[in-house]
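Enquirer: okay, sequence plus prediction incoming.
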Amino acid sequence: MKKLIYTLFASAAILASCSDNSNKFEISGTIDGVKNAELVVQHSVNGFWAPLDTLHTDEAGTFSFKGDIPENPAIYRLSFHDRYVYVPIDSTEHITVKTDSVNFDTRYTLEGSENAKWIMEVDRIAATMAGKPLNDSTALESKKQLANLLLKDPSSIIAFYTVEKQVDNRRIFDPLDRFDFKIIGAVATGYQTFRPNDPLTQYLTDEYKKYLRFHRAPSTENQRTVMAEEVGIFDINLTDENGKSVKLTDVAGKGKVVILNFTSYLGEESPAFNALLLEVYKKYAPDVEIYQVGYDNNEFSWKDAAKSLPWVTVFDPNGINSEHLRNYNVGSLPAIFIIDRNGALQQRVINLADLAKAVAAQL
């Protein structure tokens, strides 16, 4: 989920001081190995994180927080040195947390509710995916386990947590992937059916609609001339090495298969990667085009490298804060997508060895 800190009015931040405890939930616990440590309690608001209170552990590392019961089931988290423990709250639960300062977010335990046990299981499975490529057999099996877990109750707060969860700065369930998109849709449907008034329902519905156009293939050959942004891609408008603005839709939806690539020329693997792109480019020319977006710290170095390449190269000055990386759910570079002749996004290529085959399938 996106990390964005909102500043709340002081009157809204103090949740645990004035009302009857019968209308409160409580999160308490112990962090071994710390004394008088600062701990921030945060609340998820439509994918963003807002601070509710700042706590300090005592000499033994214990802490306690009480808050008003949320109108709908919600996820809270404890933030400690940019590491997080996620806690689901549904009603007047008292959730207890046990962890330590070294393994704060990896070896914690939660007790107090079935959802607490469930979220621990989700995090345990997700942890097995860290450091592995998306197509790794272990990662795929872990994703399958998570899908089976959330489909037991797709309207639960843990189902929402699962489809939004990230590992290695990328979502486990990628909305651009056809299988993953169906899982996200199942959760959106569950919320629409059983939680129509929950704010998360609108959030999930909007997200589903945002990516739905990616998974709608053109129905007739006559649609070839439809602009790509109407068929199913997020447009990109950046400048090339000559300072000219070039849109993705200037090349996509024009009858050619387009390889959309987000990359960095300064990466150690960049020369070999571009050599592979060049091989595919020459093999299928003139029926293929490449639209390559560069993310290098030095624009001048990028420009020198870009001048030698025969395809469209553009530079994104926003770096890791780029909306284009967010729109295409890019968590690491390089990232490759295939856009068909009609301008519809067809797939994300995970294994570079499959790139030529993926292009050929659209010709």
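Expert: Yep, that arrived.
Enquirer: quick check: the gap between Gly131 and Arg170.
Expert: Distance, Gly131 to Arg170, using Cβ to Cβ, to the nearest Å: 12 Å. To be clear about C-beta, it is placed using only N, CA and C from the backbone, and glycine gets the same treatment.
Enquirer: who has more neighbours, these two?
Expert: Neighbour comparison, Gly131 and Arg170: the larger count goes to Arg170, with 14 against 10 (by other Cβ atoms under 10 Å).
Enquirer: if I pick the residue nearest to the more buried one when sequence neighbours are not counted, what's in contact with it?
Expert: In this structure, Arg170 finds its nearest non-sequential neighbour in Gly331, 2.7 Å apart by Cβ to Cβ, 6 or more residues apart in numbering. Counting by Cβ atoms under 8 Å, 6 or more residues apart in numbering, Gly331 touches Gln166, Asp168, Asn169, Arg170, Arg171.
Enquirer: give the other helices and strands that the strand or helix carrying Leu238 contacts.
Expert: Per DSSP states H and E: Leu238 is located in strand 237-240. Counting contacts by 3 or more Cβ pairs under 8 Å, 6 or more residues apart in numbering; DSSP states H and E, strand 237-240 packs against strand 245-247, strand 312-315.
Enquirer: could you dump the ones you listed into TSV with mean neighbour count added?
Expert: Listed next are the helices and strands packed on strand 237-240 as TSV, based on neighbours: other Cβ atoms under 10 Å:
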stretch	mean neighbour count
strand 245-247	14
strand 312-315	22
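Enquirer: of all the ones you listed, which lies closest to Ser142?
Expert: Closest to Ser142 of the helices and strands packed on strand 237-240, according to Cβ to Cβ: strand 312-315, at 35.3 Å.
Enquirer: which residues sit against whatever helix or strand comes next after the closest one?
Expert: Per DSSP H and E, strand 312-315 leads on to helix 323-327 as the next helix or strand towards the C-terminus. Outside helix 323-327, the residues that touch it by Cβ under 8 Å, 6+ apart are Phe234, Ile236, Phe262, Val293, Tyr295, Asp316, Val330.
Enquirer: ok, the residues you listed vs Val280, which is closest?
Expert: The nearest member of the contacts of helix 323-327 to Val280, counting by Cβ to Cβ, is Phe262 at 16.5 Å.
Enquirer: check the burial of the residue nearest to that closest one when sequence neighbours are not counted by counting its neighbours.
Expert: Excluding its sequence neighbours, the residue lying closest to Phe262 (Cβ to Cβ, 6+ apart) is Ala335, at 4.5 Å. By other Cβ under 10 Å, 19 other residues sit near Ala335.
Enquirer: so Ala335 versus Asp296, what's the distance?
Expert: Ala335 is 15 Å from Asp296, by Cβ to Cβ.
Enquirer: go through the helix or strand harbouring Phe179 and flag the buried ones.
Expert: Secondary structure from DSSP H and E places Phe179 in helix 178-194. Using 16 or more other Cβ atoms under 10 Å as the test for burial, helix 178-194 gives Asp180, Phe181, Ile183, Ile184, Gly185, Ala186, Val187, Ala188, Gly190, Tyr191, Gln192.
Enquirer: and what about the spatially closest residue to the fifth one that is not a sequence neighbour, helix, strand or coil?
Expert: Looking back up the chat, that one is Gly185. Setting aside the residues directly before and after it, Gly185 is nearest to Tyr208 in space (Cβ to Cβ, 6+ apart), at 5.7 Å. Using DSSP: H, G, I helix; E, B strand; the rest coil, the structure places Tyr208 in helix.
Enquirer: from what I can see Tyr208 touches Tyr191, true?
Expert: No - counting by Cβ atoms under 8 Å, Tyr208 stays clear of Tyr191, with 10.1 Å between them.
Enquirer: residue ranges with poor pLDDT in this protein?
Expert: Applying pLDDT under 70 to the chain flags the ranges 1-22, 45-47, 216-232.
Enquirer: how is it carved up into domains?
Expert: 10-105, 137-214, 223-360 (automatic domain parsing).
Enquirer: of those domains, which is nearest Trp118?
Expert: domain 137-214 (4.7 Å).
Enquirer: now do that closest one: distance from first to last residue.
Expert: Start and end residues of domain 137-214 are separated by 26 Å (Cα to Cα, to the nearest Å).
Enquirer: distance between it and the chain's centre?
Expert: Relative to its parent chain, domain 137-214 has a centroid offset of 11 Å by Cα atoms, centre = their mean, to the nearest Å.
Enquirer: which of the contacts of Gly331 count as buried?
Expert: Neighbour counting by 16+ other Cβ under 10 Å classes Arg171 among the contacts of Gly331 as buried.
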